[in-house]
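Trainee: I'll drop the sequence and a predicted model, then ask my questions.
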Amino acid sequence: MLIIAAHPDDEVIGMGGTVVKVASKGFKVYAVIVSDGTEGTAELIPESELATIRRDEALRAHEILGINTTYFLGIEDMSVQVNKANMKLLIQKIRSVRPLAIFTHHMGDLHWDHLATASLARDATMVSASSFFKDLGEPWRTSYFFVFDSLRVPLASPTHLIAIDTTLDAKLNALNQYKSQIKAIATFIPIVEGLSTYRGSLIGVGAAEAFQRIDLFPAMDLDFL
Ligand SMILES: [Zn+2]
């Protein structure tokens, strides 16, 4: 599967517990981090240095989660644009990874980098399946497209709740690798725990992550026929 996240840490917050579960079942997990995350701290660190720090932190977090390969697009933080150049970058990744499932932010999110990433991911998934942009690789149709939960604007109608009782500790451990934003992370952790507990209570477990499946390609029949 392929996760497309705007900033380093969004992938952990959104679905870290599920990633550990999926990876432990032997599936390969890939991540694309769209922006360089240089606005993610209040500390005064030069942007070039901070980009390297956040990249290293992401790799440490991803090792804990079991993500096989991480691609950094390096787009400037707070500046993710929905344009052809960025869509082409994602089409190239989708066609080279050839994922069964893609996961990204949901369209009700408030952060514009998250919204731009969600929009790019959705369009790139659809265009990847077409014969457009032949120079970017063989067409690839991704079977499943999911959006993950958000701390500030939780998904209104999740279609999937995945129990993460056994992997919540690994998720929090991965989140703690983002040491350059430890102050922000410290405020996130109770929210991550609270949301996980709430999601879990909906299915009678201690902790869960929520997703909404979106059908990007029209079904060829009614499921019950
Ligand atoms: Zn973010």
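Mentor: That came through fine.

Trainee: longest helix in the chain, please.
Mentor: In the chain, taking DSSP state H as the definition, the longest helix is helix 182-202.

Trainee: tell me the buried residues in that helix?
Mentor: Residues of helix 182-202 classed as buried by neighbour count (16 or more other Cβ atoms under 10 Å): 185, 188, 192, 195-196, 199-200. Where you see a C-beta, it was placed from the backbone N, CA and C, and this is true even at glycine.

Trainee: mind checking how far it is from the chain centre?
Mentor: Centroid separation for helix 182-202 versus its chain: 17 Å, with Cα atoms, centre = their mean, to the nearest Å.

Trainee: and if you look at stretch 90-110?
Mentor: How far stretch 90-110 lies from its chain's middle: 8 Å, per Cα atoms, centre = their mean.

Trainee: tell me the phi and psi of Ile162?
Mentor: phi -110, psi 120 (degrees, to the nearest 10).

Trainee: er, Leu73 I mean
Mentor: Leu73 has phi and psi values of phi -80, psi -20 when expressed as degrees, to the nearest 10.

Trainee: from the ion, how far out is it?
Mentor: 14 Å (Cβ to the ion, to the nearest Å).

Trainee: got a pLDDT number for that residue?
Mentor: In this prediction, Leu73 carries a pLDDT score of 95.

Trainee: where does the closest residue to it other than its chain neighbours land on pLDDT?
Mentor: Counting by Cβ to Cβ, 6 or more residues apart in numbering, Val34 is the residue found nearest to Leu73 once chain neighbours are left out, at 5.0 Å. If you check Val34, the pLDDT there is 96.

Trainee: you'd agree Val34 is in a strand?
Mentor: Yes - secondary structure of Val34 (DSSP: H, G, I helix; E, B strand; the rest coil): part of a strand.

Trainee: begin at 43 from now on, thanks
Mentor: Sure, I'll start numbering at 43, so the last one becomes Val76.

Trainee: can you give me the neighbour number for it?
Mentor: Per other Cβ atoms under 10 Å, the neighbour tally for Val76 reads 29.

Trainee: repeat for the one 3 residues further on
Mentor: By the measure other Cβ under 10 Å, the count of residues near Gly79 is 29.

Trainee: same check on His153?
Mentor: 17.

Trainee: that older thread, just send the buried residues of helix 224-244 back as TSV, with pLDDT and distance to the ion too.
Mentor: Shown next, in TSV, are the buried residues of helix 224-244 (pLDDT from 0 to 100; distance: Cβ to the ion, whole Å):
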residue	pLDDT	distance to the ion
Ile227	83	12
Phe230	89	11
Val234	96	13
Leu237	98	15
Ser238	98	18
Arg241	98	19
Gly242	98	23
